[in-house]
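Colleague: Sequence and predicted structure, then a few things I'm wondering about:
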Amino acid sequence: MTSKPTEQISNEDDEPGADAGAALTPGRVLDHGRYRLLSQVGADDRCDAQLWRAKDGVLGRDVALTILVGDRSDAEAANNARRTLERAMHASTFNHIGVARVLDVVTPSNTDPAGVLGLVISEWTHGTDLLDLVAEGPLPPGTAARLMQPLAAAVEAAHHAGLVLGADHPQRIRVTPDGDVRMAFPGPLAHATSSDDVRGLGAALYLLLSGRWALGDAPEGLPTAPTGPDGDLVAPRTLRPTVPMELSTVAVRALGTPDSTGTTGGVRTGAAVLRVLEQYATYDPPAQATSGDTATVDAGEVWRREDPRPDKRTRKKLMISVGVLAAATILVIGWIAVGVIGIFTETDGGGTGTVISGDEPSEEQSSQAPPPATPVGITDGVSYTVKGEPDAPTSIPHLYDGDPSTDWSTYNYFQQLGPNGINTGTGAVLTLDHPTVVQEVVINSPSPGTQVEIRQVEGSPSMDSKLLGSGKLNAGETPIKVNAAAPSSKILVVLTKLAPADGGNFASKINEIKVTGSAG
């Protein structure tokens, strides 16, 4: 290294053959004090590599360190580390959006712990790793396909250049804030081949579709992919029927040899994986299953031989709806009666109204007041999303079940909704129990900061339909005034901005939605 020491830390405790893992802690500096360790973000136990975020003291920027550790007196470990460093150095000339650029490769200095065998320094990739991405569950198929495209393209380009990336470990791969999957910690294993990169693509896609790791031992806390009675890997489509057959098949077949995964193989290039990803990058699953499809059943739903008994809550809501409809009917009849009486009180000549009092009626008194607003029942709801798979479609009834203790929740998004995000809007289309001029929508939510829009529904719901009202939710009930000019049987309630969630992600919940309006 040509960099001059900026900080020296005594390594008197670092005996030959000492455990480097014990010495690598936040605040420790490596390579003559140039790189200060900030936080460990992962580990690749297959090659005794630790993955760290660090600060480059010379250039003042964050970098990603792949730290190879082991016993320097072990000839095999030293040779493997040297081979990994050589392959990483060759990759330093490779530039692609799907791979973090290698900035430097260094051998251990005399101030480093004795167990450090070498460093691969690459540019830091902001975002999150794949484990965090699936912590709340697998992703919608279309979203998974879109995220994986840059990495698959990078693998194909690297293989054409004669390089191997080593993209076969979930913590070496990160997702950028722009929604791209990226190889963030280059440094392939000493004996890794291009087939290992393709298998890594299959494993990463399998993980996003199923939430399970299908390539070797899973990192701590990540469930492994299941196998069937015959020992074959269970396909993602079997675990999640909404996954398209071709996307499920390419994930399994890219995983490789029967000896390691129980699959037949058949996908050997990144280009083959990329073609399928591009085909399904805009995939949107059906909103609901048709009669020939296999319907998704809630965990609490059971089959019964006898007819279900009437539900008390449903009967109560039905009675309230009938009462509201009767009250609205009376109001309409009264309004018509007032109009008829006004006709007969007019004089026959001149078209002038009969003056009963001595005072001239004001303009405000002469204009007819709008019918009073009354609660409107919601009889049905359907998930709506601008992109990808709808959020929690089976929980939509919780929006109008009259029970604030139940809720509908969005997915845990790793980036905010918007034009540059994975999605731009998510919500529900609500069916009212009678055509209504909607005047107000009250939303009960524990997610302050959520932005909501109320839109008119004419035919298919769309973000291009007329905006009736909008607002930012507070914790608890938030009224949103609605400017509807004509009666409607349906409204679109769509979230365009989510509330901050744990881990830097974004998610929102809604406990209840109430609608008030007049019959028009």
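Modeller: Okay, I see it.
Colleague: per-residue pLDDT, residue 427?
Modeller: Per-residue confidence (pLDDT) for residue 427: 94.
Colleague: how many neighbours does it have?
Modeller: Close neighbours of residue 427, defined as other Cβ atoms under 10 Å, add up to 29. All C-beta spots, glycine's among them, are computed from the backbone N, C-alpha and C.
Colleague: and the gap between it and residue 443?
Modeller: Using Cβ to Cβ, to the nearest Å, we find residue 427 at a distance of 11 Å from residue 443.
Colleague: Overlap of the contact sets of these two?
Modeller: Common neighbours of residue 427 and residue 443 are listed as 452, 493 (criterion: Cβ atoms under 8 Å, 6 or more residues apart in numbering).
Colleague: For stretch 219-235, which residues meet the burial criterion?
Modeller: With burial defined by 16 or more other Cβ atoms under 10 Å, the residues of stretch 219-235 counted as buried are 219, 222, 225, 233-235.
Colleague: for stretch 447-462, same thing?
Modeller: Counting neighbours by 16+ other Cβ under 10 Å, one finds that the buried residues in stretch 447-462 are 447, 450-457, 461.
Colleague: Just the CA atoms of that stretch, as PDB, please.
Modeller: Only the C-alpha atoms of stretch 447-462 are listed here, as PDB (Å, rounded to 0.1, in the frame of the first residue of the first chain):
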ATOM      1  CA  SER A 447     -50.000   5.300  10.900                       C
ATOM      2  CA  PRO A 448     -49.600   9.200  11.100                       C
ATOM      3  CA  GLY A 449     -48.100  10.800   8.000                       C
ATOM      4  CA  THR A 450     -49.800   8.500   5.500                       C
ATOM      5  CA  GLN A 451     -51.100  10.300   2.400                       C
ATOM      6  CA  VAL A 452     -54.500   9.200   1.200                       C
ATOM      7  CA  GLU A 453     -56.500  10.200  -1.900                       C
ATOM      8  CA  ILE A 454     -60.200   9.600  -2.500                       C
ATOM      9  CA  ARG A 455     -61.000   9.100  -6.200                       C
ATOM     10  CA  GLN A 456     -64.100   8.600  -8.300                       C
ATOM     11  CA  VAL A 457     -64.700   5.200  -9.800                       C
ATOM     12  CA  GLU A 458     -66.200   5.000 -13.300                       C
ATOM     13  CA  GLY A 459     -65.600   1.600 -14.900                       C
ATOM     14  CA  SER A 460     -62.200   0.300 -14.000                       C
ATOM     15  CA  PRO A 461     -60.500   2.100 -11.000                       C
ATOM     16  CA  SER A 462     -57.600   4.300 -12.000                       C
END
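Colleague: Now do that stretch, average pLDDT.
Modeller: The average pLDDT within stretch 447-462 is 92.
Colleague: Please apply the same query to stretch 465-481.
Modeller: The average pLDDT within stretch 465-481 is 93.
Colleague: With stretch 201-214 instead?
Modeller: Mean pLDDT, stretch 201-214: 92.
Colleague: what does stretch 504-514 give?
Modeller: Mean per-residue pLDDT for stretch 504-514: 91.
Colleague: end to end, how far does that stretch reach?
Modeller: With Cα to Cα, to the nearest Å as the measure, stretch 504-514 spans 31 Å from end to end.
Colleague: what does stretch 462-482 give?
Modeller: End-to-end distance for stretch 462-482, by Cα to Cα: 17 Å.
Colleague: tell me the domain ranges of this protein?
Modeller: With automatic domain parsing as the criterion, the domains of the chain are listed as 20-123, 128-280, 374-518.
Colleague: Give me whichever of those is most buried.
Modeller: Burial of those is given as mean neighbour count (mean count of other Cβ atoms under 10 Å); domain 128-280 ranks first at a mean of 21.
Colleague: Three-state assignment for the closest residue to residue 494 other than its chain neighbours, please.
Modeller: Excluding its sequence neighbours, the residue lying closest to residue 494 (Cβ to Cβ, 6 or more residues apart in numbering) is residue 427, at 3.7 Å. Here residue 427 is recorded as strand under DSSP: H, G, I helix; E, B strand; the rest coil.
Colleague: was I right about residue 427 contacting residue 497?
Modeller: No. Residue 427 is beyond contact range of residue 497, at 11.8 Å (criterion: Cβ atoms under 8 Å).
Colleague: tell me the contacts of the residue positioned nearest the centre of the chain?
Modeller: Note on the chain: the residue nearest the mean C-alpha position is residue 413, at 3.5 Å, using Cα atoms, centre = their mean. With contact set as Cβ under 8 Å, 6+ apart, residue 413 has these partners: 421-423, 498, 505-507.
Colleague: which stretches of the protein have low pLDDT?
Modeller: 1-22, 257-266, 284-326, 337-371, 520 (pLDDT under 70).
Colleague: Tell me where it has helices.
Modeller: Ranges of helices within the chain are 20-23, 75-90, 130-133, 141-160, 194-210, 236-239, 245-253, 258-261, 270-280, 312-344, 363-366, based on DSSP state H.
Colleague: Not counting its neighbours along the chain, what's nearest residue 103?
Modeller: Closest residue to residue 103 apart from its sequence neighbours, by Cβ to Cβ, 6+ apart: residue 121 at 4.8 Å.
Colleague: contacting residues for the one you found?
Modeller: 35, 56, 63-65, 102-106.
Colleague: Tell me how far the nearest residue to residue 410 once chain neighbours are set aside lies from residue 495.
Modeller: Closest residue to residue 410 apart from its sequence neighbours, by Cβ to Cβ, 6+ apart: residue 391 at 4.4 Å. Separation of residue 391 from residue 495 (Cβ to Cβ): 9 Å.
Colleague: Between the two, which contacts overlap?
Modeller: 410, 426.
Colleague: Can you tell me how far residue 417 is from residue 465?
Modeller: Separation of residue 417 from residue 465 (Cβ to Cβ): 18 Å.
Colleague: my bad, should have said residue 203
Modeller: For residue 203 relative to residue 465 (Cβ to Cβ), the value is 42 Å.
Colleague: How about residue 378?
Modeller: According to Cβ to Cβ, residue 378 and residue 465 sit 19 Å apart.
Colleague: Equivalent analysis for residue 154, please.
Modeller: Separation of residue 154 from residue 465 (Cβ to Cβ): 40 Å.
Colleague: cool, and residue 453?
Modeller: Using Cβ to Cβ, residue 453 is found at 10 Å from residue 465.
Colleague: what sits in contact with each of these two?
Modeller: Residues touching both residue 453 and residue 465 (Cβ under 8 Å, 6+ apart) are residue 492.
Colleague: which ones are touching residue 181?
Modeller: If you count contacts by Cβ under 8 Å, 6+ apart, then residue 181 has 98, 130, 147-151, 173-175, 204 around it.
Colleague: Residue 77: which of these is nearest?
Modeller: Of all the contacts of residue 181, residue 77 sits closest to residue 173, with 24.7 Å by Cβ to Cβ.
Colleague: I'd say the closest one and residue 129 touch.
Modeller: Yes. Here residue 173 reaches residue 129: they are 6.6 Å apart, a contact under Cβ under 8 Å.
Colleague: shared neighbours of these two, anything?
Modeller: Residues touching both residue 173 and residue 129 (Cβ under 8 Å, 6+ apart): residue 184.
Colleague: contacts for stretch 81-94?
Modeller: When contacts are defined by Cβ under 8 Å, 6+ apart, stretch 81-94 is touched by residues 47, 66, 68, 70, 99, 101-105, 107, 117-118, 120, 157-158, 161, 163-165, 186-192.
Colleague: and the residue nearest to residue 494, what are its bridge partners?
Modeller: Here residue 427 sits in beta bridges with residue 384, residue 494, as judged by DSSP bridges.
Colleague: And it, how close does it get to residue 183?
Modeller: Separation of residue 427 from residue 183 (Cβ to Cβ): 35 Å.
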